[in-house]
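>>> here is a sequence with its predicted model. Questions after.
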Amino acid sequence: MVPLSYGAPKAAAGLAEQARHAADTRPTAAATLAAAVAARAYALNHQSEQARQTLAAADALMERLPEGERSDIWLTYGEQKHHVHLSHAFTTLGDTRRARESRQRALELSRLS
């Protein structure tokens, strides 16, 4: 997240891919976050196809994420956080419909917590 937040999406993509490799395909909070960050970084790097593939991977991991890893604490990855990442990636890709849907869902979940 640090390189992504400080305007270095290429570095963010590299680190996120290292994290994805280390996490393997197990549905964990870390793996899901790594996929979402990689998707955002790819989108910012104008690598649309990789961004879309990684968004699909992040969604697939999120669907399989155990309930205990879905809460909104530091070491977990909740649905609200997921939709914030998706919204940014979709906005960057120019997919305003999906960006709006994810942003709306993130806002709904923010109100519930």
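Yes, it's here.
>>> could you use CA atoms for every contact and neighbour count after this?
Will do.
>>> the strands in this structure, which residues?
In the chain, no strands are found when defined by DSSP state E.
>>> now it, which segments are flagged as low pLDDT?
Across the chain, residues meeting the criterion (pLDDT under 70) sit at 113.
>>> report the central residue of it.
For the chain, the residue nearest the mean C-alpha position is residue 36 (1.9 Å; CA atoms, centre = their mean).
>>> need the contact list for that residue.
By CA atoms under 8 Å, 6 or more residues apart in numbering, the contact set of residue 36 is 54, 55, 58, 82, 85, 86.
>>> hmm, which of those are the buried ones?
With neighbours counted by 16 or more other CA atoms under 10 Å, the contacts of residue 36 contain buried members at 54, 55, 58, 82, 85, 86.
>>> the fifth one touches residue 38, doesn't it?
No: taking CA atoms under 8 Å as the definition, residue 85 is not a contact partner of residue 38, at 9.9 Å.
>>> what's the spacing between the residue lying closest to residue 64 once chain neighbours are set aside and residue 63?
Excluding its sequence neighbours, the residue lying closest to residue 64 (CA to CA, 6 or more residues apart in numbering) is residue 27, at 5.8 Å. Here the criterion is CA to CA, to the nearest Å. By it, residue 27 lies 8 Å from residue 63.
>>> what of residue 17?
Per CA to CA, residue 17 is found 20 Å from residue 63.
>>> these two - which one has more neighbours?
Between residue 17 and residue 63, counted using other CA atoms under 10 Å, residue 17 has the larger neighbour count: 19 against 12.
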